[in-house]
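1. fold the following.
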Amino acid sequence: MNVKSELTRLVGDGADVRLNDVDVRPDDVKVILINEVVPADPAQDFYGSPDAEYLKTALPLLREAGADIGSIYDALDRGIYVTNAVKTPKVGYAVEKGALEDSLPYLEAELALFPNVKVVMLMGDVAKKAFNMIAKKATGRNAVPAGSTYKLRAGEFFHEGARVMPSYIITGGNLAIEKSKSTMIVEDLAAMLALI
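-> Numbers count the residues shown, from 1 in each chain. A predicted model of the protein is given here:
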């Protein structure tokens, strides 16, 4: 199944919406990592070019956590699917509320494509907010309580049978992620790998 084709069929073709143009076996996906927002250049996204900016941080973090992968497709073969909460590029410093709300139908439909997910990792506050909005719509309550990621990382949260793990953004280049956050991301990814 091609994710972009399926989401376009289910939700529509929104203006400036960027969806993962990648073929997946939905039943094989065990983990979904939700990052913040698509990059301005689609080639720099997770399933863009082999040397995409988003991969320059994400892949080394996954390897340091113990994933024996050389590419994003190796991660996908291991059942790890990566996406972005906001499907349109940022126009300013912060993600606009409207962009998040406009992207929710795509993210919700995307999550529903994968019936065997054991872990959903929320990589940053925007991912946490988006996932909580989807969870609240479905259950009437947030999947992850309010609070700092540093404190929430120790908690165990679940939504529809999947473990929900808040962590930090995995993109931005090696120099953009503080060393302490990088260490915590690796710990969180290692904990995720142990669950699958």
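2. what about the strands in this protein?
-> Taking DSSP state E as the criterion, the chain contains strands spanning 31-37, 80-86, 119-123, 157-159, 162-167.
3. okay, which residue is most central for the chain?
-> Centroid-nearest residue in the chain, with CA atoms, centre = their mean: I34, separated by 1.2 Å.
4. next, the contact list for it, please.
-> Residues near I34 by CB atoms under 8 Å, 6 or more residues apart in numbering: 83-85, 107, 120-123, 127, 130-131. Glycine gets a C-beta too; all of them are placed from N, C-alpha and C.
5. dump those residues to a markdown table, plus distance to P39.
-> Shown next, in a markdown table, are the contacts of I34 (distance: CB to CB, whole Å):
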| residue | distance to P39 |
| --- | --- |
| T83 | 13 |
| N84 | 9 |
| A85 | 13 |
| L107 | 17 |
| V120 | 22 |
| M121 | 19 |
| L122 | 19 |
| M123 | 14 |
| A127 | 15 |
| A130 | 17 |
| F131 | 20 |
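6. for the residue of the chain positioned farthest from its centre, give me the pLDDT.
-> Computed with CA atoms, centre = their mean, the residue of the chain farthest from its C-alpha average is G140, at 22.3 Å. pLDDT, G140: 92.
7. for A94, give its distance to V29.
-> From A94 over to V29 the distance is 30 Å, taken as CB to CB, to the nearest Å.
8. no further questions, thank you.
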